[in-house]
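Participant: Following is a predicted model, sequence given first.
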Amino acid sequence: MADYNPMELMICVAARNLEDGATVVVGTGAPCAAAMLAQKTHSPNLCIMFEAGGIAPILPAMPISVGDSRTFHKAILATSMPDVMETCQRGMVDYTFLGGAQIDMYGNINSTMIGDNHAKPKVRFPGSGGANDLASLCWRTMMMTPQDAKRFTDKINFITSPGYLTGGTSRYDAGLPKGTGPYRIITNMAIMGFDEETKWMKVLNVNPGYSRKDIQDNCGFELKWAEKLVDTDPPHADELRILREEVDPHRYIIGR
Amino acid sequence: MADYNPMELMICVAARNLEDGATVVVGTGAPCAAAMLAQKTHSPNLCIMFEAGGIAPILPAMPISVGDSRTFHKAILATSMPDVMETCQRGMVDYTFLGGAQIDMYGNINSTMIGDNHAKPKVRFPGSGGANDLASLCWRTMMMTPQDAKRFTDKINFITSPGYLTGGTSRYDAGLPKGTGPYRIITNMAIMGFDEETKWMKVLNVNPGYSRKDIQDNCGFELKWAEKLVDTDPPHADELRILREEVDPHRYIIGR
Amino acid sequence: MNKAVELKQGQNQLFSDPDADKAREFFRHKSRAMVNKVTTAEDAVKRLLKDGDYLTIGGFGANRIPTAILHEIVRQRKKNLAFAGHTATHDMQILVAGECIDRLDIAYIIGLEARGLSPSSRRAVESGNIKLTEWTNATLSWRIKAAAMGLSFLPARNIMGTDTFKYSADKEILCPFTGQKYVAHPALYPDFAAIHVHECDVYGNAHVYGSSVSDQDLARAAKHVVLTTERIIPNEEIRRTPHATFIPFWCVDAVVEVPFGSYPGNMPYEYFSDEAYLKEWLNIEKDPEEFKKFFKKQVYDTKNFNEYLELNGGIEKIIKLRAIEHLTDKA
Amino acid sequence: MNKAVELKQGQNQLFSDPDADKAREFFRHKSRAMVNKVTTAEDAVKRLLKDGDYLTIGGFGANRIPTAILHEIVRQRKKNLAFAGHTATHDMQILVAGECIDRLDIAYIIGLEARGLSPSSRRAVESGNIKLTEWTNATLSWRIKAAAMGLSFLPARNIMGTDTFKYSADKEILCPFTGQKYVAHPALYPDFAAIHVHECDVYGNAHVYGSSVSDQDLARAAKHVVLTTERIIPNEEIRRTPHATFIPFWCVDAVVEVPFGSYPGNMPYEYFSDEAYLKEWLNIEKDPEEFKKFFKKQVYDTKNFNEYLELNGGIEKIIKLRAIEHLTDKA
């Protein structure tokens, strides 16, 4: 039995994708934990940004809101939401993390509603918030999510935030900035990227304890697979120690 | 012989047009003196603004630049040029003053060049600076200028800042904000407004010591005249005292 | 090439008029006089907010919010308001419970971020009784900025190609210089904005510390602006650091002094949010009947913010929340 | 109705590329690392400014200007630069005397405001050897803001119908919501910007006091940014008041500590402009031969800013200018 849970795995894998000296806009929860872990391991110089205006804080604790005092505690800058979003639009922000109720094969994400009547949704979610903006304007979008066949679907009810839209060059034809788009989808079972040409979701790494069949069975659309499929490097002891002792000692996130 | 000079007259008349509680963007020199005089007489609550960002200062002296320290000395706000210009664009600024080398019958002003080749001007002036912006976006534009037939011309070499363009509704047809435009032209000889319909320059008041003939002879185009032409109320003793003792004690401006 | 491109537009309703000349006509007659504007929340809401108006709230949902004004809007039973759901969390919980809203510009609603979703707000939105138009946080920020700039629209590069755009009232345009496709966001000139600040003088010249979200633009864009403030300071304090003036007096119509006025929300450097109280509120919302009683006791039966604060622990509670804000609460 | 309207465009040359995707491609690879960027004016100019680049200078002509960088550009004999004449006064006098400029975006040039006109700058512009495109102060501010926002243009309501527009490179567009005519100002992404600030840390996080003109947008819009600073402060000072950070480190490529670095210009709260010196400079310009000698002595023959300041009175002079700035010079 592995001595870590799926959330810990996803956070450790996400953190490794944040290189030193990069900029990343995060929300509360797992993305913030991943960014903090990266800072405390290989990326001391990672610039953490919050959409409400807090940039490069010395985070004393997990924020409960992307606009609370923690997000600009001893920060380099406490600015406006437009300034943060314009910094993304200008091309200065490398990464962001999104969550959602549904994701499709092109990395489009739904955080708005379930149902087919927008005026009277069956189930209503908060909506875009800053998600659409960050997915549109940051260079690389990542997602951490538990994987199942309902969440990973080719019948997404509402595209809240843009992935590669209908694949190929459609994202850029629609007017979104060239070279942007979904980068990694990190689940409890695998790590996915996207095909260069078609922009269709493609499995790159398989997490310990899962098979190709598990991964495909828990996905509502046909997945592509990397030429040489590599096993996910599991969380290292030091990553887990820092995550548990320094990043999330109250287990707000890794305890879920 | 009058106990005041033409500059003193123009400044006193200009000051009377600035009612209490109004906003006015001024430059250095006579316009600033007029605004200061208004504040010290009937408009203690006049909000004086400078295009570089100084707003509602307690002016300790005449500024030498619209961006120097004096323009935001003990000010309410020291902001950016875009913020000032956007405040004008939003419709919150009532008055501004412009100067120029030429003005035509529709109140169009030239502060750019003399000659017919823009690439190689016979005489080059500084250009618009903020003049075009303020003339475009403030509600009412005023000008203080000595009057002669070369300066008041129907053959303006270059329209730097918009008056009523070609008259009638042409200013608004061009896209400039509705209801804006030249309001008063204050010269050593007279005070002019503009005809409601045609927007052609029209004499409203005749200054002491000048005749209709003087005024027309010193204007390069045919002037319109108000139904009942009123004599200009000359500077009052208290206006002159405050102007000379408090506003411009070194006679930087009224000494010209 | 421009000819070839098909320009799309969102299909939902625009709840406010973006016309810049109409806004200018209003601002032309808005008072610029620097006079004492101190009053009560009751008077400010009665005088400056009408049924049917477009309402905006400063801060960020449960951070630096003007709670006194939100409660007063409910107590005065203002109706048929349009609301900008620009990360609307606790502010929206209050307005929905008061049944004040019938049109909603959505960026982020019904959630309380890491705290979970609001059952009551969710019921209201799923009922179909509130008209919904979709936007995003940046879009609402830019719509407000367009108004602050005196324009009728601003171009941007987000939202295109998504259903968020499809259910918005945005329109696509082309850059006249590059031919690139842009989205045009319509200016949002709200009728009313309430913003909570750290300190301001009696004229409405204000200081704010920490993230500013969209409040500098909002104070400029809104036709009527009410400030609630932790404390009123002398005008000399404003003039001592003119570069630090966050909102200037000519934007402001009323000033209400409300110490601890962002409670139960977070006020940066002053006090943290009352997480236990916000959690209790969310729990009680699960039972509509229980929540009616709770909301009546909290809002309708308190005559002003001070009574509300007293009901929930008063200054003793604030002292605890200040320790949390200052990270000095650890034993 | 939109069909009926004829949309005009300015006939002069655009000296910079407004394309937002090309700018994004540059910014994608610009370092965001928070590392020590302290260096000399000589190194900063040598490393970050190339012949033919588009140059912008912060401040306001003779207020808060980076004199050390202006002199260094001349001493390194940089050529064929495009320059934004955004109320360019003493800064332009220096660049013109060094024959560094061949393209000029004009808002306000050749004048020194209340001080009168510069004969030397006037001769240069009247010679026909510099390409001229007309704009306005607000237009250049908005062109820089468009770039800071990551756009290729911004709409505005000024300049239309004038010859200033005719000799610009602006284009008219229509608002897709109201049909109103707007001017579209093309984004200006400068290759190089030099800005003088009151204080910053070694990473380039800066504080500025007083009017900011366009410098917050300029620091974001420019591809390479050099700060000269009155003093370097510890990073802790920046983190103590994050809302007061005027320019953040990721915009900045180099930091040069230059006490009194705006001399002979005004530095708000620090020292007033040296009006006697600026007047002498203007007078000497009347005689091109005399001015050549003067300029050689002042700029080419001084190896850095400290030598230049020494030549003109050094710290004794600054002490006098500080008294004028503080209004304590009256006998």
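Facilitator: Nice, I can see it.

Participant: Need phi/psi at the residue of the stretch 151-256 of chain A found nearest chain D.
Facilitator: Residue of the stretch 151-256 of chain A nearest chain D, by Cβ to the nearest Cβ: A:K178 (4.9 Å). Bear in mind the C-beta positions are built from the backbone N, C-alpha and C, glycine included. For A:K178, the backbone dihedrals (degrees, to the nearest 10) come out as phi -60, psi 140.

Participant: For burial, what's the neighbour tally of it?
Facilitator: Counted with other Cβ atoms under 10 Å in any protein chain shown, the neighbours of A:K178 add up to 15.

Participant: how far away is it from chain C?
Facilitator: Computed as Cβ to the nearest Cβ, to the nearest Å, the A:K178 to chain C distance reads 10 Å.

Participant: Give me the neighbour count for the residue of the stretch 51-200 of chain C at minimum distance from chain B.
Facilitator: Chain B sits closest to C:G150 of the stretch 51-200 of chain C, with a gap of 3.3 Å, by Cβ to the nearest Cβ. The burial count assigned to C:G150 is 27, neighbours taken as other Cβ under 10 Å.

Participant: dump the residue contacts of it.
Facilitator: When contacts are counted by Cβ atoms under 8 Å, 6 or more residues apart in numbering or on different chains, C:G150 touches B:86-91, B:137, C:20, C:23-24, D:157.

Participant: try C:E72
Facilitator: Contact criterion Cβ under 8 Å, 6+ apart gives C:41-42, C:44-45, C:304 as the residues in contact with C:E72.

Participant: Looking at the residues you listed, spot the one nearest chain B.
Facilitator: Using Cβ to the nearest Cβ, C:A44 is the member of the contacts of C:E72 that lies nearest chain B, at 20.8 Å.

Participant: Show me the helices in the stretch 201-331 of chain C, by range?
Facilitator: Residue ranges of the helices in the stretch 201-331 of chain C, as given by DSSP state H, counting those that start in this stretch, are C:215-221, C:235-240, C:275-285, C:288-295, C:305-311, C:314-325.

Participant: which bits of chain A sit near chain D?
Facilitator: By the rule Cβ under 8 Å from any Cβ of the partner chain, the part of chain A lying against chain D is A:20-23, A:45, A:47, A:54-58, A:72, A:74-79, A:86-92, A:94, A:137, A:139, A:177-179.

Participant: Relative to chain B, how far out is the residue of the stretch 151-256 of chain A closest to chain D?
Facilitator: Here the criterion is Cβ to the nearest Cβ. By it, A:K178 lies 28 Å from chain B.

Participant: What confidence value was assigned to that residue?
Facilitator: Looking at A:K178, its pLDDT is 98.

Participant: excluding its backbone neighbours, what's nearest it?
Facilitator: Residue nearest to A:K178 in three dimensions, not counting chain neighbours: D:D21, with 4.9 Å by Cβ to Cβ, 6 or more residues apart in numbering or on different chains.

Participant: C:V74 too?
Facilitator: Setting aside the residues directly before and after it, C:V74 is nearest to C:G98 in space (Cβ to Cβ, 6+ apart), at 3.3 Å.

Participant: do C:R103 as well
Facilitator: Take C:R103 and drop its neighbours on the chain: the residue closest to it by Cβ to Cβ, 6+ apart is C:A82, 3.9 Å away.

Participant: partners of the helix or strand hosting the one you found in the sheet?
Facilitator: Element membership of C:A82 [criterion: DSSP states H and E] is strand C:81-85. If you go by DSSP bridges, strand C:81-85 pairs up with strand C:54-57 (parallel), strand C:101-106 (parallel).

Participant: And it, how far out from the chain middle?
Facilitator: Its chain's C-alpha centre and that of strand C:81-85 lie 9 Å apart, by Cα atoms, centre = their mean, to the nearest Å.

Participant: same deal with stretch C:294-309?
Facilitator: On the basis of Cα atoms, centre = their mean, stretch C:294-309 sits 20 Å off its chain's mean C-alpha point.
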